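[1] Build me a structure from this.
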Amino acid sequence: MSGDRPSWAPESIDLERPNAARVYDYLLGGAANFETDRVFAEKLLEMMPQARPAARMNRAFLRRAVKFCVAAGIDQFLDIGSGVPTAGNVHEIAPGARVQYVDNEAVAVTHSELLLRDNPNASCMLGDLTDPEPILAASALDFSRPVALLMAAVLHFIPDEAGPREAVARYVSVLAPGSYVVLSHGAERPTTPAPAEVDRLYETSANPGVRRTPAQISAFFDGLELVEPGLVWTPEWRPDSPDDVIDDPPSSLVLAGVARKP
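    Modelled structure (predicted):
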């Protein structure tokens, strides 16, 4: 398999196991993925055809949420679980803002570094969401001023035993008043097709998924003030036009919300 390793791929990358960031990249139409990721994604789409539109709707939510934060005066963004760079990166949506991308996947970081090499306001670092201190220490952001903390479609890959709630609380604790938390999380719905089969598929990847209820997802916003319309399915969060709202919002698979730190 080593002969199939692209020249830009760090040696630390396991090419044998699919990775969530690269699968997401494939679902969005990107090219920073490997055969194992594409095979995984196609199996997922057989079981859950809505996975591809769901990925795109999550990306659209992130775009709208970043625009909302910019309109609220935010000019610093900490994007944890930023994934592989694709169209509509945060620094493109918020030009001039300082952006710190963080991911635990080497491909995502390598591609981000290449993309950002001539951008003085944006950078990317390798980091683990559940280990906040190195991220907070190395970040180029000024936490004495408001920051938007972005965690889009990442927490549902972190099991409870890894302490995601404690980690989120730690990030929030250093945010200045007036900061925002932007979060989206896959949510189980009663009509989810073949959930056991999907779970078994994800167990073969580097990032097994975690099922959480809307109440459990809402708990990540404890101590914060949810802005309207609250925690909703991604296409329902402040759509740009009525055409953006689909007939069956739960088919987007992901709940999303934005909250302000008082």
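[2] going forward, measure contacts between C-alpha atoms and count neighbours the same way
    Will do.
[3] so where do the helices sit in the stretch 151-262 of the chain?
    164-174, 195-202, 214-218 (DSSP state H, counting those that start in this stretch).
[4] just checking, what packs against the longest one?
    The one in question is helix 164-174. For helix 164-174, the elements it packs on are helix 132-138, judged by 3 or more Cα pairs under 8 Å, 6 or more residues apart in numbering; DSSP states H and E.
[5] ok, and the helix or strand in the protein with the lowest average confidence?
    When the helices and strands of the chain are scored by mean pLDDT, DSSP states H and E, helix 195-202 comes last with a mean of 58.
[6] distance of Ala20 from Asp247?
    Per Cα to Cα, to the nearest Å, Ala20 is found 28 Å from Asp247.
[7] The two: who's more crowded?
    Taking other Cα atoms under 10 Å, Ala20 and Asp247 do not tie; Ala20 has more neighbours (23 against 8).
[8] Would you mind stating the distance between Leu224 and Val258?
    Using Cα to Cα, we find Leu224 at a distance of 9 Å from Val258.
[9] now Ala219
    For Ala219, the distance to Val258 - Cα to Cα - is 13 Å.
[10] Name the residue in the two with the higher neighbour count.
    Val258 (27 against 12).
[11] Which pLDDT value belongs to that one?
    On the pLDDT scale, Val258 is placed at 98.
[12] go on, Gly3?
    Here the pLDDT value assigned to Gly3 is 43.
[13] Return the set of buried residues in stretch 124-140.
    124-130, 132, 135, 139-140 (16 or more other Cα atoms under 10 Å).
[14] same check, this time on stretch 109-124
    The neighbour-count check on stretch 109-124 (16+ other Cα under 10 Å) flags 109-113, 116, 121-124 as buried.
[15] could these go into TSV alongside secondary structure and pLDDT?
    Formatted as TSV, the buried residues of stretch 109-124 follow (DSSP: H, G, I helix; E, B strand; the rest coil; pLDDT from 0 to 100):
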residue	secondary structure	pLDDT
Val109	helix	88
Thr110	helix	83
His111	helix	78
Ser112	helix	85
Glu113	helix	86
Leu116	helix	89
Asn121	coil	94
Ala122	strand	94
Ser123	strand	94
Cys124	strand	94
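[16] Using a markdown table, lay out those together with distance to Ala187.
    Shown next, in a markdown table, are these (distance: Cα to Cα, whole Å):
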| residue | distance to Ala187 |
| --- | --- |
| Val109 | 27 |
| Thr110 | 30 |
| His111 | 29 |
| Ser112 | 28 |
| Glu113 | 32 |
| Leu116 | 33 |
| Asn121 | 34 |
| Ala122 | 31 |
| Ser123 | 31 |
| Cys124 | 28 |
